[in-house]
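Undergrad: A structural model of the following input is requested.
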Amino acid sequence: MRRGPIVLRRPARLAVLVAATLVAAVSLALGIAHAAEVSTDVEMVEVRVQSPARRGARSDTVELPIRADLLGASWSGAQHSIELRARIDGGRWSRWVPLEAGDDGPDAGSAEARAAARRTDGRRTASSPVWVGAADQVQVRPVAAPGSSKDAQLRDVRVWALNATGTATRRERLATRLRDDAAWVLGEPAQAQPLAPGIRSRATWKAAKPVNAPWYADAVRGVVIHHTAETNRYSCSQVPALLRGIQRYHMRANGWNDIGYNFLVDRCGGVWEGRAGGIREPVGGAHTAGFNTNTSGIALMGLHGSVAPTRVAQDALRRLVAWRLDVAHVKPNGQMVLTAASGDKFATGSRVVVRAVSGHRDLFPTSCPGALEYAQLTRLARDAWATGGAKVANITSTYTRRLPDDPIDASVASVSVRAVASHADMYVTVRIERISTGEVVHTFAVTGALAQTTWTPPAEASVPYWDLRVAVNGARPSGERARAALAPLAVVSPDPAFVITTAPPVTLAVGGDPNDDLVRLQYTLGLDYRIGAWLHDPATGEQVAELRAPTYVGPTSTPVEFSAPIPPDVASGSYELRVGLPADAVPGRSMHRSPLTITRG
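TA: Numbering: from 1, shown residues only. Presented below is the predicted three-dimensional model:
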């Protein structure tokens, strides 16, 4: 009988032979990989480009010293962006990709911003990086800014080439291939356990250590959604390399302390820990210049101006937002109040109220996170509030002081607490406790989506605000429990309602008798405060004399007379009389000002 063709058996024999060969080569493969650090390190080089003479003209072809996964650029000149294209091994050129000036960054004037300026040339414009997969040649061309001259030149262009996949050189490509083949035979090493909720840690993508220790805000009040704006064309297996490349670019090209975002979500639905410092902590980022305090930056890894995020990416983003804001006890479809640290879109120091789930463009002049993702933010916030079970959020706990302007007496006059719940059938409890003794001084419970209560200490009790804490919890009839909250107390300075009912005179003749040389008026007062009287120079505002030292007076709804003597050393002249609370340091009606002309007989 004729034998069948032997070639049909070769694959099995070859598989055994290849496996044996790979097992024998494992130590060599891992040794090469370790020496080159191809699995953890990121190769990054800066290459100068001969600038094109005019806009629309392209540069000469630039040979890159490494095979690049990501490309970025920096430049000087009038143009606000450049375009870049790339190719590999002399193949076809890619399309022209715009590299606009990066719109992320630390807050102006912050320690991280100052450090970045020292590490880089702060006068240059740097783009965000773009993922190219593989490139060893590039060309660039300028794009004129609106209103700039058509002959305006792009000066001193530098291209940053990064490789995070262990394929920068031929030797590294060989080491990576051998390492991957060895992993196929021996199995992949154990991976770090995911963080809640399925967040992959920095160790998983082999992040570099930050330059300096992280900095922290007092709380997270909301999230800002971004897109990384480089490409949507990457595989799931390339995500760790892409993360390493973004981090290295942020740290070296931009001079930042670490990757700018607190979290990143890839197109395959993976959720990744970004900036170091703790996923539950209010870590300050470098994602929204002017508003990195009290916000958590979440970046979708892609470009979403004309391409929508994948469904799995949107689902992962929803779960992440739901979890992060539940940890912070923030209602996603509510609002957050921020203070502008720099003035790109809002005046520095201004109070800004935006959605608790905002897009980058809400706080900075940019198109980020892309039109198609931005349009989904309202739905994202609504769905995030409905994700994850029972929650308590938007907790405010405030107190008023018995003697608001007394620097020593810290006793509270009242404590008010307000919280919202995620479900109308939730049983919400509020406890006010003494920290020093553990004594529960006030409890309140209600079934519903809103809990509000106020506690007034007994008149004979003196309870300082710093010895109080507020705990809020909730549960549903099914037994599902909310994440418990400990809410800090914030002082409220109410309007003292200081009202002059009978105005003081505008002229006063004095003769040296302190019993007659008095400024008289009548007032009402809503709270227990000190009241004093002063004379000021109307031209300079400087104090000339204290007529009456601040003295505590009780609240009164019936007009009460107030008098203050004119000191004998005050000369004739025109002054400004001020009567009211010391230093005018509280809101509302707290100081009366009127002209006073004094004549001496």
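
Undergrad: okay, CA-based contacts and neighbour counts for the rest of this
TA: Fine.

Undergrad: So, low pLDDT: which residues of the stretch 151-300 of the chain?
TA: Residue ranges of the stretch 151-300 of the chain with pLDDT under 70: 151-154, 167-197, 229.

Undergrad: how about the helices in it?
TA: Using DSSP state H, counting those that start in this stretch, the helices of the stretch 151-300 of the chain run over 170-186, 239-248.

Undergrad: Repeat that for the chain.
TA: Secondary structure of the chain (DSSP state H): helices at 10-36, 111-119, 170-186, 239-248, 311-327, 371-374, 377-385.

Undergrad: residues in contact with the residue lying closest to Thr454 once chain neighbours are set aside?
TA: Nearest residue to Thr454, sequence neighbours excluded (CA to CA, 6 or more residues apart in numbering): Ser416, at 4.2 Å. The neighbourhood of Ser416, defined by CA atoms under 8 Å, 6 or more residues apart in numbering, consists of Thr396, Ser397, Thr398, Tyr399, Gln452, Thr453, Thr454, Trp455.

Undergrad: I'd guessed Thr429 sits against Phe444; true?
TA: Yes: the pair Thr429 and Phe444 passes the contact test of CA atoms under 8 Å, sitting 5.7 Å apart.

Undergrad: Could you check what's spatially nearest to Ala207, not counting adjacent residues?
TA: Ala207 sits nearest to Arg244 (CA to CA, 6+ apart), 6.1 Å away.

Undergrad: Arg600 now?
TA: Using CA to CA, 6+ apart and skipping the chain neighbours, the partner closest in space to Arg600 is Val510 (5.0 Å).

Undergrad: Now do that neighbour against Thr558, distance only.
TA: Distance from Val510 to Thr558, counting by CA to CA, to the nearest Å: 29 Å.

Undergrad: Kindly report the same for Pro240.
TA: Pro240 is 72 Å from Thr558, by CA to CA.

Undergrad: and what of Val357?
TA: In this view, Val357 and Thr558 are 49 Å apart by CA to CA.

Undergrad: thinking again about what came up before, now do the residue nearest to Thr454, the pLDDT please.
TA: Ser416 is assigned 95 on the pLDDT scale.

Undergrad: Beta-bridge partners for it, please?
TA: Beta bridges link Ser416 to Thr398, Thr454 when assigned by DSSP bridges.

Undergrad: neighbours around the residue nearest to Ala207, how many?
TA: 24 (other CA atoms under 10 Å).

Undergrad: Equivalent analysis for Met251, please.
TA: 20.

Undergrad: any idea how far it is from Met301?
TA: Met251 sits 18 Å away from Met301, going by CA to CA.

Undergrad: what's the answer for Val353, then?
TA: 27 Å.

Undergrad: The two: which is more packed in?
TA: Shown here are Val353 and Met301; by other CA under 10 Å, Met301 has more neighbours (24 against 12).

Undergrad: Was I right to think the more buried one contacts His227?
TA: Yes: contact criterion CA under 8 Å: Met301 and His227 qualify, at 5.8 Å.

Undergrad: Look at Val510 and Thr558 and report which has more neighbours.
TA: Counted by other CA under 10 Å, Val510 and Thr558 do not tie: Val510 has more neighbours, with 20 against 11.

Undergrad: residue contacts, His227?
TA: Ala299, Leu300, Met301, Gly302, Leu303, His304, Cys368, Pro369, Gly370.

Undergrad: So Arg275 is in contact with Asn257, correct?
TA: No: Arg275 lies out of contact with Asn257 (CA under 8 Å); the separation is 9.1 Å.

Undergrad: Check the residue lying closest to Leu486 once chain neighbours are set aside and give its pLDDT.
TA: Distances taken as CA to CA, 6+ apart place Ala471 nearest to Leu486, at 4.6 Å, with adjacent residues excluded. On pLDDT, Ala471 comes in at 96.

Undergrad: count of residues packed around Ala471?
TA: If you count neighbours by other CA under 10 Å, Ala471 ends up with 18.

Undergrad: what residues are up against it?
TA: Contact analysis of Ala471 by CA under 8 Å, 6+ apart lists Val430, Arg431, Ile432, Ala484, Ala485, Leu486, Ala487.

Undergrad: Bridged to the last one, which residues?
TA: Beta-bridge partners for Ala487, by DSSP bridges, are Val470.

Undergrad: May I have the predicted confidence score for it?
TA: Ala487 carries a pLDDT score of 89 in this model.

Undergrad: Test my guess that it contacts Ser397.
TA: Yes: under the criterion of CA under 8 Å, Ala487 makes contact with Ser397 at 6.6 Å.

Undergrad: Mind listing the shared neighbours of those two?
TA: Jointly contacting Ala487 and Ser397 under the rule CA under 8 Å, 6+ apart are Val470.

Undergrad: higher neighbour count, the two?
TA: Taking other CA under 10 Å, Ala487 and Ser397 do not tie; Ser397 has more neighbours (24 against 17).

Undergrad: contacting residues for that one?
TA: Counted by CA under 8 Å, 6+ apart, Ser397 has contacts Val415, Ser416, Val417, Arg418, Val470, Ala487, Pro488, Leu489, Ala490.

Undergrad: So the fourth one is in contact with Thr453, correct?
TA: Yes: look at Arg418 against Thr453 with CA under 8 Å: they come within range, at 6.7 Å.

Undergrad: how about the residue lying closest to Pro98 once chain neighbours are set aside, what does it touch?
TA: Spatial nearest neighbour of Pro98, excluding adjacent residues (CA to CA, 6+ apart): Glu83 at 4.3 Å. With contacts defined as CA under 8 Å, 6+ apart, Glu83 is in contact with Trp96, Val97, Pro98, Leu99, Val140, Arg141, Pro142, Val143.
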